[in-house]
Each structure stands twice: as structure tokens, then as C-alpha cells.
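Visitor: Would you be able to build a 3D model of this:
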Amino acid sequence: MTWTRMRIWLSLTMVIVLARCDRSERPLTEQHDLTHLGGEKGWILTSGVWANPVIPVCWESTPTGQQVERGWVQNAVEISWDANSRVDFTGWDKCASWTDRSVGVRIAVADKGARTLGLGDAVSGVRDGVRLNFTYRKWNSWCAGSESLRERCIRANAVHEFGHVLSFAHEHNRHDRPSTCKAAAQGSNGDVILTPWDSLSIMNYCNEGRMRAGGVLSAGDITSVRQVYGVDSVPPMR
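Guide: Now for the predicted structure:
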């Protein structure tokens, strides 16, 4: 057996073993040494992969008037990244007062551009580590064109930003992107490319339909998150 085939076999074996474990049983530190298997898609910063796929989430503030929107965000994340991997974003309540020992994802809401302050576990415990927009009055105002469109934009932004939380970089930042993709590179880059280029990724600004689709993962997104975080042997009940 050649060394390349041995690496592929070891990587596949690791994924199978992880798939048999409960989400909270086995850390994912051994997943940091990823291998190019040739069929996956996505771009990840391996140093940001969470050691434990159970990741606490909270809101910096929870005004009554935003209950519906917070529900859209939670649902969008749960039926995308959560449903297709061993990742389990938990909590979704109001954040406790910040200390230097705070952990997990802290979400702020403002009528500004959606963003994540870093990739992967670099955002753990960071105040306003993820920012989402619910009104779209000043930013991406076309999203406020109708209530259904606003919901789809909220959902799409949530799934995209939580892709960054899982350490996935922008797909359009890749050096091998085709000349047809004109989006400007933005944010941090990954260090492992899971090939090939994915034009339909939720992480790709050149996927012009991603916002109107409401946060749908591509087949490549699903393959990527499963490669990195594993798959549940029994899907979680929602």
C-alpha cells in the first residue's frame, strides 16, 4: 500500500470511528490533520476546528421584539450544520455577563454588516463574536423588500456566519477559483483546501442565489462539515 493510499485509508477510518461516537464523548483534536481525499469541497482553517463539537451559543441581548428572528436563526443553524454533522450548537439563551473565562459563541444584533470575528474556536468567549442583522434598513436594504425575503436573508446570513464559526473560510478567497468569480476576497483564509471548487457553497459570495435560498447548504458544504466534524450514527431528535 502506498503512503498516499495509507493516508486516505487512515482518514476514512477516523471519520467512521467518530460517526459511532456520541457528540459529547470524543474530542475532535485528532481531526486537525486533515487529508485531501479528492472529492470534498470547502476551505477550512484547521487550527480553528473545535475540539468538542458541542458548542454553546448565547445572545448578547434578548429583546422581546426579536423573538421570532432569533428563532429563525436557531432553526436555520440546526437544520443545516447541526443536522448534517456531529456539531451541536446548544443553549441559545441570553449571555451571562462577560468574563475572561467566557466560552462559546456570543451573538450581537445590529443594523450593520453580518460578520464573525475570526474563524473557528477563535471566537469562543469573544464579546459580539458573531454579529447578525435583523432589519436590513442600512445594510443590504434589498433584504427588507418583503417579510419572506427578510426571513430568508436572516437565515442565510446565520448559516454563513456559523460556517465561519466552524472554521470554514470564504470559498471565493481560494487561489484556484475560476475567472468567472469576481467577488473580492474578504476575511481570513483557510489552510487546507478540500477540493474541488464549490460554486454553490453557502460560504461563496459568487453563489449569487445563496441569500434568496435562505441558508441552504450545498452538497459540498455537507461533505466538508462531515469530513471535519464527523456524522452522527443516529440523527439527533429536534
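Visitor: what's near enough to touch the residue nearest the centre of the chain?
Guide: Nearest to the geometric centre of the chain sits residue 163, at 1.5 Å (C-alpha atoms, centre = their mean). Contact partners of residue 163, counting by C-beta atoms under 8 Å, 6 or more residues apart in numbering, are 81, 202, 203, 221. In this view, the C-beta of every residue, glycine as well, is placed from N, C-alpha and C.
Visitor: repeat for residue 201
Guide: With contact taken as C-beta under 8 Å, 6+ apart, residue 201 is in contact with 41, 42, 171, 207, 218, 220, 221.
Visitor: tell me the average confidence for the top helix by length along the chain?
Guide: Ranked by number of residues, the top helix in the chain under DSSP state H is helix 147-165. Helix 147-165 shows a mean pLDDT of 98.
Visitor: just stretch 193-204 next, same as before
Guide: Per-region confidence: stretch 193-204 scores 87 on mean pLDDT.
Visitor: buried residues in that stretch?
Guide: By neighbour count on 16 or more other C-beta atoms under 10 Å, the buried set for stretch 193-204 is 193, 194, 195, 197, 198, 199, 200, 201, 202, 203, 204.
Visitor: Verify the contact between the last one and residue 210 for me.
Guide: Spelled out, it's residue 204. Yes: Residue 204 lies in contact with residue 210 (C-beta atoms under 8 Å); the separation is 7.1 Å.
Visitor: Following the lowest-mean-pLDDT helix or strand in the chain in sequence, what is the next regular element?
Guide: Using mean pLDDT, DSSP states H and E, helix 3-19 stands out as the lowest-scoring helix or strand of the chain, at a mean of 40. Once the chain leaves helix 3-19, the next helix or strand it forms, by DSSP states H and E, is strand 42-44.
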